[in-house]
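[1] task: produce atomic coordinates for the following.
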Amino acid sequence: MYKYIMQLCTILLTISLLFFNIYFIKSASYGITILVLFGCLIISRLISGYRRPDKRDFIYKEILIIGLAFLIQSVLYLISSKSGFNTNFSSMFKNYISKTTIFSVFLIVFIREIIRYIVVNIETRRKISKVLINLLLLILCVLVDLSVATKIYTFTSFTLVYDFIALFLIPSVAKNILLNYLSVTNGFVLTFSYVLIMDLYIYFMPVTPNLNTLLEAVTLLVFPYVVYAMYNSFTARRVLIEKKELKKENKLVNTLSIIIFGILVCLVSREFKYSMIGIGSGSMTGTINKGDAIIYRRYEGNENLKDKVIVFRKSNVLIVHRVIKSYVLDNGTIYQTKGDYNDSPDSWVVTDEDIVGVVEKRVPFIAWPSVILSEIF
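    Below is the predicted model of the structure:
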């Protein structure tokens with residue numbers, strides 16, 4: 001119990017120092033972060049010792065993790081071949097970031113993965129104690145991600161808060177939960193390999209994918225679970241399981257998870273025929289309610305839109321309203337639209353160029369989290 005309390009205090013102190021470093025002395029972040037983490041590593045090593053990782057099937061596990069990471073990165077780059085790429089300001093092929101900075105980032109992440117392995121394997125008899133130390137370790141790892149992030153996040157508008165939560169916080173939590181799980185028996189080499197391909201690749205690539213924000217958020221959130229499911233499926237095949245029903249159930253869950261992940265990626269990317277967006281207003285209440293999401297198909301033109309609910313863009317905002325009238329002019333067709341819940345038609349007209357898609361399905365309630373955040377900020 002004494003070792004556990006000492007380790008707990010070490011993690012709490014490290015979290016406090018990292019938080020202070022990120023928000024008060026950012027200019028010296030890398031150097032101080034290395035010192036703080038190195039101190040945590042030394043103390044944790046003295047308190048908890050170091051147990052050698054389980055090397056059984058390690059090569060196969062390493063190939064699985066590296067293969068999945070390469071696969072998702074290849075898919076994202078493939079999608080970006082259509083949507084375009086961003087010039088990578090942090091690439092080691094450019095001169096914007098020094099070799100010292102790159103080395104510092106790699107060293108920080110490497111030390112963190114050793115700390116992770118030591119802490120997740122600390123011995124304690126109480127389950128609540130194990131949960132607590134893992135929760136604090138999760139916070140520590142997320143703060144390390146924030147300290148080496150290439151983007152400085154601020155909270156002065158909803159868009160910036162949304163970027164922080166969707167593109168950093170939630171994906172970082174999902175990733176580090178997975179890495180905590182992988183680190184229990186496999187050591188830090190496996191988890192560092194995953195981070196190297198998923199996070200640190202930006203230092204080796206001249207361009208990075210220019211992805212839809214929602215697509216990137218969903219991918220980074222769901223992919224760790226896909227890795228977890230595939231990893232469990234792999235390990236289950238190499239361990240004798242007496243109940244065949246359990247095997248079948250695990251295979252079914254894993255297959256469904258991958259299918260759902262693929263569907264979500266396709267929908268939120270808006271790069272395919274069908275896409276999904278959330279509804280943040282009540283103008284279509286009764287037909288499509290606030291907090292719902294809708295699935296729409298891409299508008300190809302030459303279609304009778306009378307009485308159909310469409311997605312169109314006005315002033316760079318996507319609007320979902322119903323077509324109530326259409327007028328054929330010499331230079332094309334224009335449409336008059338109206339929200340089903342509104343008393344009067346919209347004060348604008350919609351052209352074919354404005355139309356993004358035609359609504360096909362409503363998915364109740366799932367957009368409420370983003371609606372709530374938008375209203376708060």
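[2] the stretch 101-250 of the chain: strands as residue ranges?
    Applying DSSP state E, counting those that start in this stretch to the stretch 101-250 of the chain gives strands spanning 207-209.
[3] show me where it dips below the pLDDT cut-off.
    Applying pLDDT under 70 to the stretch 101-250 of the chain flags residues 155-159, 214, 236-250.
[4] ok, which stretches of it are helices?
    127-147, 158-162, 170-186, 188-198, 213-237, 244-269 (DSSP state H, counting those that start in this stretch).
[5] dump these to TSV, plus distance to residue 57 and mean neighbour count.
    Backbone N, C-alpha and C define where each C-beta goes, glycine included. Shown next, in TSV, are the helices of the stretch 101-250 of the chain (distance: least, Cβ to Cβ, whole Å; neighbours: other Cβ atoms under 10 Å):
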stretch	distance to residue 57	mean neighbour count
helix 127-147	24	18
helix 158-162	41	15
helix 170-186	9	20
helix 188-198	11	20
helix 213-237	8	18
helix 244-269	17	14
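[6] of the ones you listed, which is nearest residue 8?
    helix 127-147 (6.2 Å; Cβ to Cβ).
[7] which strands and helices sit next to the closest one?
    helix 2-24, helix 29-48, helix 99-120, helix 170-186 (3 or more Cβ pairs under 8 Å, 6 or more residues apart in numbering; DSSP states H and E).
[8] with distance to residue 3 added, can I get the helices of the stretch 101-250 of the chain in TSV?
    Putting those into TSV (distance: least, Cβ to Cβ, whole Å) gives the following:
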stretch	distance to residue 3
helix 127-147	11
helix 158-162	40
helix 170-186	18
helix 188-198	20
helix 213-237	29
helix 244-269	35
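[9] which among those is found nearest to residue 2?
    That would be helix 127-147 among the helices of the stretch 101-250 of the chain, by Cβ to Cβ, at 12.7 Å.
[10] can you give me how far that closest one is from the chain middle?
    From the chain centre to the centre of helix 127-147 is a distance of 18 Å (Cα atoms, centre = their mean, to the nearest Å).
[11] same question, stretch 285-297
    So, by Cα atoms, centre = their mean, the centroid of stretch 285-297 is 24 Å from its chain's centroid.
[12] what does stretch 198-215 give?
    On Cα atoms, centre = their mean, the centre of stretch 198-215 falls 12 Å from the chain's centre.
[13] in that stretch, what counts as buried?
    198, 199, 201, 202, 203, 205, 208, 209, 211, 212, 214, 215 (16 or more other Cβ atoms under 10 Å).
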